[in-house]
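1. coords please:
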Amino acid sequence: MNAKNALFALLLLGYAFAGLSISDYSVSPETIEPGGSGYITLTVSNPSETDTVDLVTVSVSSAESLGANRQFAVGDLEQSSSTTLTVPFQSSPSLRSRIYTVDVTARGTVETYVYNSVTGDFRVESSVVTKLATIPIKVVKAPILSISLSSENLEDITEQTITITNSGGNASNLRMSITSSGVGFLNTDEVLFGAVEDSAQQAVTIDARGASDGATKLAFLVTYRDELGEEHNATKEVPVTIKKGEGDFRFSQQAPVTTGEDDTLTMIVTNSGDPVQDLQLTFSTSSGVVLRGLNKVEVGNLARGESREISIPLVANLQPGTNNVNASLSWVEQGENREGSITIPLSVKSDSEVGVYLEANPTPLVAGGQHTLSVTVSNLGSYSIQGVTVGLDSDALTLLTVQPEQYIGGLDKDDFSSVQYKVLVGNVQPGNHNATVEVRYKDASGARITETKPVVIRIEAPAQSGDGTGTLLLLIVVLGGAGYWYFRMRKPKVKQ
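-> Numbering: from 1, shown residues only. Okay, here's the model as predicted:
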């Protein structure tokens, strides 16, 4: 073979590296509704720098309900060239929310020139090149949300019921906040609705004390996940009229009240508005607060900026913690009778209390003897307590138990539990000796409580240990019963 033919053969070897590429696809819109339409834009290219791909065809196939089946005759693609195709599609209204796929197949022919070095002959061989691609199509039935309020009027503090209606696809993890200036939810930034298929409601308290009077639109930011799990944000506006009362009062509680017990609520009342006369306060019948021996609380006259401390005898039949309590106000301002309402955050503490009972084994306690003391703790309050721990201490006793503080855990109302201590009685004089039992726990409001119970124990002389007739004297300072039988059998408290 001469040099000219050999060079020609080497050049022809490069033609075998031809191929096809499908790249740079896009879907518009990115997500469609069932029954919606769109189009796919894709690029078919020949990346070879030497070969031409002949008779290129592109086949697009999808589920029949997506309507993207198409055939394209592209023709020849020269080396390093490309073409762009647009594939329209129309989905069926019955499609369910999910990610569908469109399959794209590009096919063409490449001619390869082959040189036979033995015979010196050239021949042309045709080969088919194919490229496959899969394009995702998101179909989702989007939620269609609307918001309404139980009242279109807002005062300083207003109880409202928010209703969300959904006429589209399901929404999950839906939550809502207020973005309007000077308005927000009382004591929280966000209200959780959860899953909303058709409609959902939440009772809320809206604080408009920082807003101006007049007609406006209350803007809600709604965040949710669609049926494909993708998160979306939407702003919804509701027309409202802010009509704050002329009075501008602040009520500040000075100390918590105890749930279910006769107590006195102490508050500081401050008038931040114009001077008022004959200011009176009463709690609504559904608030859980019952006034004792009166129907209304008279605050009296208050100048602008003036504060006054008031004491209110009441019974708060409320859960321990912070409760929003509705109250009604009446007063005289500029010679006219005025009425309004206010929500007062009321701090309520639990009526928690524990009783303590001790038993010794063997009895009586004798100087220098080893004994086991059983400490029983009873929950005398109206609510369960958690994280109960017990500690025992006395100058007359040496604890042989490794841990001086022992863990009981939770105790329901009227429940009790015991821990045991190994003790060595000191060489002390016979008679009564002091001891303390410290009980620590968390009450129903979440507060950490420590109660120290003083106990008097009687210790006998060693010579008296053999008759078996001694007893352990317990003088426990508690507001409950004095013994195990009383803790077990006592009747529950009667709420007022």
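
2. and the residue most central in space within the chain, helix, strand or coil?
-> Among the residues of the chain, the one closest to the centroid is Leu192, at 7.5 Å (Cα atoms, centre = their mean). Secondary structure for Leu192, judged by DSSP: H, G, I helix; E, B strand; the rest coil, is strand.

3. if I pick it, what's in contact with it?
-> Leu192 sits next to 174-175 when contact means Cβ atoms under 8 Å, 6 or more residues apart in numbering. All C-beta spots, glycine's among them, are computed from the backbone N, C-alpha and C.

4. okay, Phe487: pLDDT?
-> On the pLDDT scale, Phe487 is placed at 44.

5. which other helices and strands contact the helix or strand where Thr376 lies?
-> Here Thr376 is covered by strand 370-379, with elements defined by DSSP states H and E. Applying 3 or more Cβ pairs under 8 Å, 6 or more residues apart in numbering; DSSP states H and E, we find strand 370-379 packed against strand 354-361, strand 385-393, strand 405-411, strand 416-425, helix 484-489.

6. And the third one, what's buried?
-> If I follow you right, that is strand 405-411. Residues of strand 405-411 classed as buried under the neighbour-count rule (16 or more other Cβ atoms under 10 Å) are 406, 408, 411.

7. Which residue comes closest to the last one once chain neighbours are left out?
-> Nearest non-adjacent residue to Leu411, counting by Cβ to Cβ, 6 or more residues apart in numbering: Asn379, 4.1 Å away.

8. tell me the contacts of the one you found?
-> For Asn379, the set of contacting residues under the criterion of Cβ under 8 Å, 6+ apart consists of 352, 354, 385, 411-416.

9. what would those residues look like in a markdown table with distance to Asn427 and pLDDT?
-> Formatted as a markdown table, the contacts of Asn379 follow (distance: Cβ to Cβ, whole Å; pLDDT from 0 to 100):
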| residue | distance to Asn427 | pLDDT |
| --- | --- | --- |
| Ser352 | 39 | 88 |
| Val354 | 33 | 92 |
| Ile385 | 38 | 91 |
| Leu411 | 37 | 93 |
| Asp412 | 42 | 92 |
| Lys413 | 43 | 90 |
| Asp414 | 41 | 91 |
| Asp415 | 39 | 93 |
| Phe416 | 34 | 94 |
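
10. Now which of those would you call buried?
-> Restricting those to buried positions leaves 352, 354, 385, 411, 414-416, with burial counted as 16+ other Cβ under 10 Å.

11. returning to what we had before: identify the bridge partners of the residue nearest to Leu411.
-> Each beta-bridge partner of Asn379 is listed here, defined by DSSP bridges: Val354.

12. Could you do the one 10 residues further on as well?
-> According to DSSP bridges, Tyr407, Arg440 are recorded as the beta-bridge partners of Thr389.

13. how deep is it tucked in, by neighbour count?
-> 17 (other Cβ atoms under 10 Å).

14. of all the contacts of Asn379, which comes closest to Arg308?
-> Here the nearest of the contacts of Asn379 to Arg308, counting by Cβ to Cβ, is Ser352; it sits at 32.1 Å.

15. Distance of that closest one relative to Ile408?
-> Ser352 sits at a distance of 14 Å from Ile408 (criterion: Cβ to Cβ, to the nearest Å).
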